[in-house]
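**Q** Structure here, sequence nowhere to be found:
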């Protein structure tokens, strides 16, 4: 989700299928004691070239080389590369904007010379509002697929999130097809653009260009694809995880899956039932391929609630304790489902409580504020060079033993606890 203040909405240029560059001027806000990136106002045209860079993200050194060198799986006991985690979080956040902004942010991150192509499908009566951006390096060796999350201005996006009625689909694991329950809304929106994106990526595996620009013309200098990344926040995170699942289980996508690096998601809801999660967590499936970040008591990570059906997470989860607690990102056990609908009813009160000094001490099992993308960008921003022991100091703490792992969210004790605000 992304929030644009009303004062900025009037001056913001809104385009659903625009092409070319947009002149943008960065505007930063203060929220909860921290800078809020991601709010831009359109500036009037002043010439043929764009103005100053956005300057809202931190440049990552040798980012393309890092993307190429990264292992295809996150090994046990290892932390993700902090620069990759940060860069993909920033791209996921700015995917709520337009194509020109995504390209600007990519360049600021250190992805110089990358091209960007947008894929979008909107069918209101089918509850489809699907948007993805495909970035590709100048030489064609790296591709980053970024799925946009829930658009606050789109009623269809909200209906997609709320359409949790599970859909039974056949998925093949190890040549053994079986039927699993998955989130109907996420699945439909993924499929709306998936075939077109896959066709482009299939061409990238050979000699044809992918994401060569808004005019769709190829560049013969492109080399075959070597590293594919998929990422997203919120709804986009769910679609990213589901895209990885389709690439892993469909035999015709094997070559593409072989190029897939770890999938990074931020504030991801659950996409399937416990049976599916258990199969995905088997060795050599998706356990070490999916990296999920959960900030504080992010509401989306606890959804769909148990009242909507049987859902569960899979992959490796890294959690930050949130604004109220001092700490860094640590690997954790998977977040659990919201136990009842009271938590949903308290989402707006939990958000409003964070805005006032006299109510910030109140604690809620689920927080809408913790889901907002600037928390992920701010806490994942690299601040120190890697140490010999790994990436401690980049907002990532050294992994703890399984016995020391933090409890899942929401934490439940043997006693009954009413999921309301408490001191």
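**A** Perfect, thanks for sending it. What you see is a predicted model; the values in this text were computed from it and never measured. Numbering: from 1, shown residues only.
**Q** Contact partners for residue 240?
**A** Contacts of residue 240 were listed using C-beta atoms under 8 Å, 6 or more residues apart in numbering, and they are 145, 147, 230-232, 263-265, 268. (Each C-beta comes from the backbone N, C-alpha and C, glycine too.)
**Q** So what's the model's average confidence on the host helix or strand of residue 204?
**A** Using DSSP states H and E, residue 204 sits in helix 184-205. Here helix 184-205 scores 94 as its mean pLDDT.
**Q** just stretch 345-359 next, same as before
**A** Here stretch 345-359 scores 78 as its mean pLDDT.
**Q** coming back round to it: which other helices and strands contact the helix holding residue 204?
**A** Secondary-structure packing of helix 184-205 (3 or more C-beta pairs under 8 Å, 6 or more residues apart in numbering; DSSP states H and E): strand 115-123, strand 128-136, strand 142-147, helix 155-162, strand 166-173, helix 235-249, helix 254-259.
**Q** Dump the ones you listed to JSON lines, plus distance to residue 362 and mean pLDDT.
**A** Compiled in JSON lines, the helices and strands packed on helix 184-205 are given as follows (distance: least, C-beta to C-beta, whole Å; pLDDT from 0 to 100):
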{"stretch": "strand 115-123", "distance to residue 362": "39", "mean pLDDT": "93"}
{"stretch": "strand 128-136", "distance to residue 362": "34", "mean pLDDT": "94"}
{"stretch": "strand 142-147", "distance to residue 362": "33", "mean pLDDT": "98"}
{"stretch": "helix 155-162", "distance to residue 362": "25", "mean pLDDT": "55"}
{"stretch": "strand 166-173", "distance to residue 362": "34", "mean pLDDT": "85"}
{"stretch": "helix 235-249", "distance to residue 362": "27", "mean pLDDT": "97"}
{"stretch": "helix 254-259", "distance to residue 362": "45", "mean pLDDT": "96"}
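**Q** Reformat these as CSV; add distance to residue 225.
**A** Converted to CSV, the helices and strands packed on helix 184-205 look like this (distance: least, C-beta to C-beta, whole Å):
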stretch, distance to residue 225
strand 115-123, 13
strand 128-136, 8
strand 142-147, 6
helix 155-162, 29
strand 166-173, 24
helix 235-249, 13
helix 254-259, 6
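**Q** Nearest to residue 331, out of the ones you listed?
**A** Ranking these by proximity to residue 331 (C-beta to C-beta) places helix 235-249 first, at 17.4 Å.
**Q** buried residues in that closest one?
**A** Residues of helix 235-249 classed as buried: 235-249 (neighbour count, 16 or more other C-beta atoms under 10 Å).
**Q** ok, back up a step: how about the helix holding residue 204, which residues are buried there?
**A** Within helix 184-205, judged by 16+ other C-beta under 10 Å, the buried ones are 184-194, 197-198, 200-205.
**Q** could you give the angle of it to helix 235-249?
**A** Between helix 184-205 and helix 235-249, the angle formed by their directions is 60 degrees, by axes from the mean of the first three to the mean of the last three C-alpha atoms, to 10 degrees.
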